[in-house]
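**Q** Give me a model of this one.
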Amino acid sequence: MTNTLDLEFIGLTKRYGDTVAVDAISYHFDAGTYACLLGPSGCGKSSTLRMVAGHESVSDGSVLLGGRDISYLPPAKRGTAMMFQNYALFPHLNVTDNVAFSLKMKGEDADVRNRRAAEMLDLVDMTAFANRLPDQLSGGQQQRVALARALITKPQVLLLDEPLSALDPFLRIRMRAELKRLQRELGITFIHVSH
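**A** Predicted coordinates for the structure are as follows:
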C-alpha cells in the first residue's frame, strides 16, 4: 500500500458566505509522512480535511496528489480516505460488513469483500470481533474498525479528523502509538487533525 505521491495545497481556501474558514493555505507534504494539523476549534482544520476528501467544495486554490489536481473529483476518485471523529459506523451492520461497505458499493464480489475485510481486521487486531455489532464494542475497538474501513480502499492519503477525542487519556496514548505504527508499516500519508 506504500504511497509514492506527494500531497500539496496551493492557495487552498474555503468560504462559507462572507466567512473565510480556510485562508489560502499552501503546503507540501512528502509522500508517506505523518503530519498533524493543530489549532483551536473553529480555525478551519476539519474544513481543510473535508476539502481534501471531497466532502466540501474548494472555494479557491487546489489540492494536488502526485501533481494531479484532485480538487473537483468525487471522493471515491481522489485516492483519499477519511476517518471521522465519531467513527460513523453503521449500527445495523456487523464489523466485517462495516469494514467491507465501500467495496460493496463498488460492486465487489462477496468473497473478495470478506477476504479484504478479514485482512484489514487482522491488521488492526480486530479479527475476534468480526461478527459483533458496533454497540457491542468499546470506543477503542470502534476506532479500530473505522480505521480498517478507511484502509480497505487502499488510499494514498488517510485523513484523520480528531479520531482520538472520544477516547480516555490512557487509550488515546496507546492509539497514537498504534496509528504511527500502522502509518510506518503501510507507508501511506496520514494527515491528523487535533486541537
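**Q** in which helix or strand would I find Thr13?
**A** Assessed by DSSP states H and E, Thr13 sits inside strand 7-16.
**Q** Next SSE downstream of that strand?
**A** From strand 7-16, the next helix or strand downstream (DSSP H and E) is strand 19-29.
**Q** How far away from the center of its chain is stretch 131-142?
**A** Averaging C-alpha positions (Cα atoms, centre = their mean, to the nearest Å) puts stretch 131-142 19 Å from its chain's average.
**Q** neighbouring contacts of that stretch?
**A** 87, 89-96, 98, 126, 129, 145, 166-168, 171, 174-175 (Cβ atoms under 8 Å, 6 or more residues apart in numbering). All C-beta spots, glycine's among them, are computed from the backbone N, C-alpha and C.
**Q** Going through those residues, which ones are buried?
**A** Those of those that meet the buried threshold are Tyr87, Leu89, Asn94, Val95, Thr96, Asn98, Met126, Phe129, Val145, Leu167, Leu171, Met175, by 16 or more other Cβ atoms under 10 Å.
**Q** On the three-state scheme, the last one is what?
**A** Secondary structure, DSSP: H, G, I helix; E, B strand; the rest coil: Met175 is helix.
**Q** could you measure it against Ala31, distance?
**A** 24 Å (Cβ to Cβ, to the nearest Å).
**Q** The most centrally placed residue in the chain and Met175, how far apart?
**A** Nearest to the mean C-alpha position of the chain, by Cα atoms, centre = their mean, lies Met82 at 2.5 Å. As judged by Cβ to Cβ, Met82 and Met175 stand 17 Å apart.
**Q** Sketch out the helices for the protein, chain order is fine.
**A** 45-53, 95-105, 110-123, 139-151, 169-186 (DSSP state H).
**Q** ok, back up a step: and the residue nearest to the centre of the chain, bridged to which residues?
**A** Taking DSSP bridges as the rule, Met82 bridges to Leu159.
**Q** from memory it sits against Leu151, does it?
**A** No - at 11.5 Å, Met82 does not count as touching Leu151 under the criterion of Cβ atoms under 8 Å.
**Q** shared neighbours of the two, anything?
**A** Joint contacts of Met82 and Leu151 (Cβ under 8 Å, 6+ apart) are Leu158.
**Q** Which secondary structure element of this structure has the lowest mean pLDDT?
**A** Lowest by mean pLDDT, DSSP states H and E among the helices and strands of the chain is helix 169-186, with a mean of 79.
**Q** Tell me which residues are up against that one.
**A** So helix 169-186 is contacted by 1-2, 34, 123-124, 139-140, 143, 147, 151, 158, 160, 163-164, 167, 190, 192 (Cβ under 8 Å, 6+ apart).
**Q** Emit the ChimeraX select command for whichever of these are buried.
**A** Selection of buried members from the contacts of helix 169-186 for ChimeraX, criterion 16+ other Cβ under 10 Å:
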select :34,123,124,140,143,147,151,158,160,163,164,167,190,192
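**Q** To be precise, which single item in the buried ones among the contacts of stretch 131-142 has the lowest pLDDT?
**A** Within these, Leu167 has the lowest pLDDT, namely 67.
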